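Enquirer: sequence and predicted structure below; questions after.
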Amino acid sequence: MEIVTPVSQDVIRKLRVGDIVYVSGEMITARDKAHVRALEFIKSGKELPISFNNAVIYHCGPLVQKVSEGWKVISAGPTTSARMNRTTKELLNYVDSIVIVGKGGMDVSEEIEGKGVYLAYTGGAGALAANAIKRVKDVHWLDLGMPEAVWVFEVEMFGPCIVAIDSHGNSLYDEVKRRVEENFRRIVEKI
Amino acid sequence: MPTYDEVVETVIELFKKAETELSDDVIQALRRAYEVEENEIAKMNLEVILKNVEIAKAKKIPMCQDTGLPIVFVELGKELCLDFDLVEAIKEGVVRATKEVPLRPNAVHPITRVNTGNNIGMHMPQINVDLVDGDELKITVMPKGAGSENCSALKMMLPSEVDKIKRFVVEVVKNAGGKPCPPIFVGVGIGSTFEGCAKLAKRALLRNVNDMDEFELEILNAVNELGIGAMGLGGKITALAVLIEYGHCHTASLPIAVNTQCWANRRASAVLR
């Protein structure tokens, strides 16, 4: 299924864990430092260069190259989302809705309930991801360095992404984690 | 005798190769995982990984945007005399590879977090030199991403805990979950010293990943029973290999290190004469 930005709350509510989606429209990258700075801006009432509200936030530090007409995306897969657990929980207090794209999962199923979804894209698949990124529309906070800056991408059928945390309190990661803990207890008894 | 320029060009070529193409043993392991995996989501992720690897090779672009930190292994023949600064040559190779491959500038100051912009800095690139027999210079590069590196662990176990080694390895993989981009390769260093076991664990990842002994296979099977699966969304295949290197250690210690490596076990070697 294709989801087009801005993603309405109706669409977000319809998505369920296990659904496969493709994103088209605008995605903005943000990692550790961009989250920290965005929160500083929001708390001090400073206007963000681009709104995180109702946005598709992509946990990604792209590999880009400066070319004459702007920037070329070479490889741009997702980064480990769990590093943004704390800052995302805080950010969720300030947004009405959000779509997060990342990899490896997050511990936000409670906080994101009713307002957003987390989509998992295959980690390391940077070359394939770059194929779906049609254009760099803008870049903010380049002083943070190439990986940590906020890149604004225009994407077309970015995916496949798996709905891994939905807006109804379900998380594939929580389910897997429970099973893995059980399996671990069983494994250590026999090795 | 190799020259400064040859080393520079070789380092650039090796990074280009390692970032854009996986070695046959790694691809073979990934294909096997795709064949045996039954979980639909995990299978889809493995399919995406294999497709991504093909695109990267065909378009000669880095398969992952995290082009890693530059880790270099040098085997220097004892009969070889070099009349130039080998470290400088490797550094120049890394700086030029950053522009030419290109590589993402990843090296930052640990406290200020300021990015050097060219992947070199204090103790970076990390260069490991071994003196070996012969008159050849072998250079191996291993760009290592942070997603998997961050899930690594080291423990100074007690000499009486030899039977707990397997448990420790499985526990490290369990705690890592989906974060290191599974299916992973698990490099393990057993013995040596505090830093020695970590180096052994990293070095283990250079081996042919399909060549495991019984002990390694036993741990691999245990790891795969965890059910973490590709990208941590569940599945049969969590790791593709467990590779162990050993070092003698003090009678009073048992250091053990686990270096987790993502599915993109990138490395490339060349020999200069």
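Expert: Arrived safely, thanks for sending.

Enquirer: who are the packing partners of the longest strand seen in chain A?
Expert: With residue count as the measure and DSSP state E as the assignment, chain A has strand A:150-165 as its longest strand. Taking 3 or more CB pairs under 8 Å, 6 or more residues apart in numbering or on different chains; DSSP states H and E as contact, the helices and strands that strand A:150-165 lies on are strand A:20-29, strand A:116-120, helix A:126-132, strand A:133-140, helix A:172-190, helix B:40-59. C-beta here means a position set from N, CA and C on the backbone, and glycine is covered the same way.

Enquirer: go again with 6 Å.
Expert: Contacting strand A:150-165 under the criterion 3 or more CB pairs under 6 Å, 6 or more residues apart in numbering or on different chains; DSSP states H and E are the following elements: strand A:20-29, strand A:116-120, helix A:126-132, strand A:133-140.

Enquirer: in that strand, which residues are buried?
Expert: A:150-155, A:158-165 (16 or more other CB atoms under 10 Å in any protein chain shown).

Enquirer: of the helices and strands packed on strand A:150-165, which approaches chain B most closely?
Expert: helix A:126-132 (4.0 Å; CB to the nearest CB).

Enquirer: what about the closest one, near chain B?
Expert: Yes - contact of helix A:126-132 with chain B (CB under 6 Å from any CB of the partner chain) involves A:126-128.

Enquirer: residues in contact with B:N259?
Expert: Contact analysis of B:N259 by CB atoms under 6 Å, 6 or more residues apart in numbering or on different chains lists B:152, B:187, B:201-202.

Enquirer: out of these, which are inside strands?
Expert: Judged by DSSP E, these include B:G187 as members of strands.

Enquirer: out of the contacts of B:N259, which is nearest to A:R13?
Expert: B:S152 (39.5 Å; CB to CB).

Enquirer: which residues touch stretch A:9-22?
Expert: So stretch A:9-22 is in contact with A:1-3, A:97, A:117, A:157, A:159-163, A:166-167, A:170, A:172, going by CB under 6 Å, 6+ apart.

Enquirer: so which residues on the stretch 51-200 of chain B come close to chain A?
Expert: B:51-52, B:55-56, B:61-65, B:102, B:104-105, B:115, B:147, B:166-167, B:170, B:174, B:178-179, B:181.

Enquirer: just the pLDDT for the residue nearest to A:E26 when sequence neighbours are not counted.
Expert: Distance criterion CB to CB, 6 or more residues apart in numbering or on different chains; nearest residue to A:E26, sequence neighbours excluded, is A:T5 at 5.0 Å. If you check A:T5, the pLDDT there is 97.

Enquirer: then the one 5 residues further on?
Expert: Per-residue pLDDT puts A:D10 at 96.

Enquirer: measure it to chain B for me?
Expert: Computed as CB to the nearest CB, to the nearest Å, the A:D10 to chain B distance reads 25 Å.

Enquirer: give me the neighbour count for that residue.
Expert: For A:D10, the neighbour count with other CB atoms under 10 Å in any protein chain shown is 7.

Enquirer: for the one 5 residues further on, same thing?
Expert: Burial of A:L15 is recorded as 22 neighbouring residues (other CB under 10 Å).

Enquirer: what subset of the residues of the stretch 51-200 of chain B next to chain A is buried?
Expert: Buried residues within these, defined by neighbour count using 16+ other CB under 10 Å: B:52, B:55-56, B:61-65, B:102, B:104-105, B:115, B:147, B:166-167, B:170, B:174, B:178-179, B:181.

Enquirer: any idea which of the contacts of stretch A:9-22 the model trusts least?
Expert: pLDDT across those is lowest for A:M1, at 94.

Enquirer: just give the nearest non-adjacent residue to that one, would you?
Expert: Across the structure, with CB to CB, 6+ apart as the measure, the residue nearest A:M1 apart from its sequence neighbours is A:V21 (5.1 Å).

Enquirer: quick one: the helices in the stretch 1-150 of chain B?
Expert: With DSSP state H, counting those that start in this stretch as the criterion, the stretch 1-150 of chain B has helices at B:4-20, B:24-36, B:40-59, B:86-100, B:146-149.

Enquirer: one step back: most tightly surrounded among the helices and strands packed on strand A:150-165?
Expert: Mean neighbour counts were compared across the helices and strands packed on strand A:150-165 using mean count of other CB atoms under 10 Å in any protein chain shown; the top stretch is strand A:116-120, at a mean of 28.

Enquirer: who does that one pair up with?
Expert: Paired with strand A:116-120 in the same sheet, following DSSP bridges, are strand A:98-102 (parallel), strand A:150-165 (antiparallel).

Enquirer: got the ones you listed as TSV, with distance to A:A76 columns?
Expert: As requested, the strands paired with strand A:116-120 are exported to TSV (distance: least, CB to CB, whole Å):
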stretch	distance to A:A76
strand A:98-102	11
strand A:150-165	8
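
Enquirer: please name the nearest non-neighbouring residue to residue 42.
Expert: All of this is about chain A. Nearest non-adjacent residue to A:I42, counting by CB to CB, 6+ apart: A:Y94, 5.2 Å away.

Enquirer: chain B is the one I meant
Expert: B:G235 (3.1 Å).

Enquirer: interface residues of chain A facing chain B?
Expert: For chain A, the residues found near chain B under the criterion CB under 6 Å from any CB are A:62-63, A:65, A:74-77, A:80, A:82, A:104-105, A:122-128, A:145-147, A:162, A:172, A:176, A:179-180, A:183-184, A:187-188, A:191.

Enquirer: ChimeraX command to pick out the buried ones of the residues you listed?
Expert: Selection of the buried residues among the residues of chain A next to chain B in ChimeraX, burial being defined by 16+ other CB under 10 Å:
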select /A:62,63,74,75,76,77,80,82,104,105,122,123,124,125,126,127,128,145,146,147,162,172,176,180,183,184,187,191
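
Enquirer: out of the helices of the stretch 1-150 of chain B, deepest packed?
Expert: Here the criterion is mean neighbour count by mean count of other CB under 10 Å, and of the helices of the stretch 1-150 of chain B the winner is helix B:146-149, at a mean of 23.

Enquirer: distance between that helix and the chain's centre?
Expert: With CA atoms, centre = their mean, to the nearest Å as the basis, helix B:146-149 stands 10 Å off its chain's centre.

Enquirer: same question, stretch B:46-65
Expert: For stretch B:46-65, the distance between its averaged C-alpha position and the chain's averaged C-alpha position is 18 Å (CA atoms, centre = their mean).

Enquirer: right, and B:P159 touches B:L254 too?
Expert: Yes - with contact defined as CB atoms under 6 Å, B:P159 counts as touching B:L254 (5.2 Å).

Enquirer: which of the two has more residues huddled nearby?
Expert: Ranked by neighbour count (other CB under 10 Å), B:P159 and B:L254 place B:L254 first, with 20 against 11.

Enquirer: next up, the contacts around that one.
Expert: Remark: with contacts taken as CB under 6 Å, 6+ apart, B:L254 is in contact with B:157, B:159.

Enquirer: would you quantify the distance from it to A:G45?
Expert: According to CB to CB, to the nearest Å, B:L254 and A:G45 sit 56 Å apart.
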